[in-house]
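Asker: Structure, please.
(one chain, ligands or ions: 1)
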Amino acid sequence: MSEQHDHAASAPEAERLSLRADCESCFGLCCVAPAFSASADFAINKPAGQACPNLQPDFRCGIHTRLRKQGFQGCTVYDCFGAGQKVSQVTFGGQDWRRAPETAQQMFKVFPIVRDLHELLWYVTEALTLGATRSLHGELSRAQQETGRLTRQSPDVLLELDVDAHRQGINDLLLGASELARADVRHKKEHRGADLIGADLQGADLRGASLRGAYLIGADLRAADLRMADVIGADFRGADIRGADLTGSIFLTSPSSTRPRATPAQGCRRRSPAQRIG
Ligand code: SF4
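Answerer: Below is the predicted model of the structure:
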């Protein structure tokens, strides 16, 4: 395992900073745009495009400090990858949907598109920090620039965008980056897209494994060795990862539960397998 993240790469790090949610600059889009289904992640049903009843007039969450207790634990793990502030402040120029209700429905439709693009940007930017992927850096940089360009398009153009086709191209590139990054790990397991729901993986050797798009919901991963594992698109909801070693794992995303306003859960608006990256 010779290759780790190249922390000397300052440009990708700066790019990643712009992909962190800034809820203060967002019009609560993740609390309005997606539909929720009552589940372990959400206490209520809510149709797409309708504001969560807990969303305050200032676009803050009225139960931010009690989300888990009140059954909204999904809100604590969702990440928009900075799409909320992009759509609010760039795509719609800082005009909020309450003051300009005629823009509301378009804004709510644009948000998940930009969110998907920002998620891709996050992964591409991470791939650019991996020293082992140097031979792909040219292609990755071009993908990063093109995806960034798409995020700055007008609402009408964004709504016409074939995000799935764009995602497929990027996914192929990320797959190549993953192979390069994990090349030095011997006897690594292949669990791409695997159904590992509720699996007993306590102490498992998953070093360098591909868990791309794997379903690990409720899995027991205590003390598992996940060093250098590729976890892109893996669904870890409810998984027990106490004591697991995720050092050097790639394409791991982290929720920002310390944000002033947490956001709705991935789980309740989970994408179909065809749309999931992995
Ligand atoms: S964070 Fe969750 S509970 Fe709070 S307003 Fe947003 S969707 Fe509703």
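Asker: which residues touch residue 204?
Answerer: 221, 224-225 (Cβ atoms under 8 Å, 6 or more residues apart in numbering). C-beta: built from backbone N, CA, C; applies to glycine.
Asker: Can you give me the distance of residue 117 to residue 148?
Answerer: Note on residue 117: its distance to residue 148, by Cβ to Cβ, to the nearest Å, is 8 Å.
Asker: Give me the number of neighbouring residues for residue 17.
Answerer: 10 (other Cβ atoms under 10 Å).
Asker: Kindly report the same for residue 224.
Answerer: Residues near residue 224, counting by other Cβ under 10 Å, number 25.
Asker: Contacts only, for it.
Answerer: 201-206, 241, 244-245.
Asker: Of those, which is the most crowded?
Answerer: residue 206 (24 neighbours).
Asker: these two touch, right, it and residue 229?
Answerer: Yes - taking contacts as Cβ atoms under 8 Å, residue 206 lies within contact range of residue 229: 5.3 Å.
Asker: thinking again about what came up before, okay, residue 117 and residue 148: which has more neighbours?
Answerer: More crowded of residue 117 and residue 148, by other Cβ under 10 Å: residue 117, with 26 against 17.
Asker: ok, now which ones touch the more buried one?
Answerer: 83, 147, 150-151, 163, 166.
Asker: Any idea how far stretch 179-193 is from the middle of the chain?
Answerer: Distance, stretch centre to chain centre, for stretch 179-193: 22 Å (Cα atoms, centre = their mean, to the nearest Å).
Asker: Helices of the stretch 1-150 of the chain, start to end?
Answerer: Assigned by DSSP state H, counting those that start in this stretch, the stretch 1-150 of the chain shows helices spanning 10-17, 83-85, 104-127, 137-151.
Asker: closest to residue 186 out of those helices?
Answerer: helix 104-127 (22.2 Å; Cβ to Cβ).
Asker: lowest-confidence helix or strand of the protein?
Answerer: Every helix and strand in the chain was compared by mean pLDDT, DSSP states H and E; the lowest is helix 10-17, with a mean of 66.
Asker: interface residues of the stretch 51-200 of the chain facing the ligand?
Answerer: 52, 54-55, 61, 63, 72, 75 (Cβ under 6 Å from any ligand atom).
Asker: Please report which of those residues has the highest neighbour count.
Answerer: residue 75 leads these on contacts (other Cβ under 10 Å) with 29 neighbours.
Asker: still on that earlier bit, mutual contacts of residue 117 and residue 148, please.
Answerer: Common neighbours of residue 117 and residue 148 are not found (criterion: Cβ under 8 Å, 6+ apart).
Asker: low-confidence ranges in the chain?
Answerer: 1-14, 254-278 (pLDDT under 70).
Asker: For the closest residue to residue 238 other than its chain neighbours, give me the backbone phi and psi.
Answerer: Closest residue in space to residue 238, ignoring its immediate chain neighbours: residue 218 at 4.3 Å, by Cβ to Cβ, 6 or more residues apart in numbering. Here is the backbone geometry of residue 218 (degrees, to the nearest 10): phi 70, psi 10.
Asker: Residue 218 is in contact with residue 235, isn't it?
Answerer: No - with contact defined as Cβ under 8 Å, residue 218 does not reach residue 235; the gap is 10.0 Å.
Asker: Can you get me a residue count around residue 37?
Answerer: Residue 37 is flanked by 14 other residues according to other Cβ under 10 Å.
Asker: distance of it from residue 246?
Answerer: Using Cβ to Cβ, residue 37 is found at 29 Å from residue 246.
Asker: Can you give the distance from stretch 32-49 to the centre of its chain?
Answerer: Worked out by Cα atoms, centre = their mean, stretch 32-49 lies 18 Å from the chain centre.
Asker: Could you do stretch 78-93 as well?
Answerer: Offset of stretch 78-93 from its chain centre (Cα atoms, centre = their mean): 14 Å.
Asker: tell me which residues of that stretch are tucked away?
Answerer: Buried residues in stretch 78-93, counting neighbours by 16 or more other Cβ atoms under 10 Å, are found at 78-88, 91-92.
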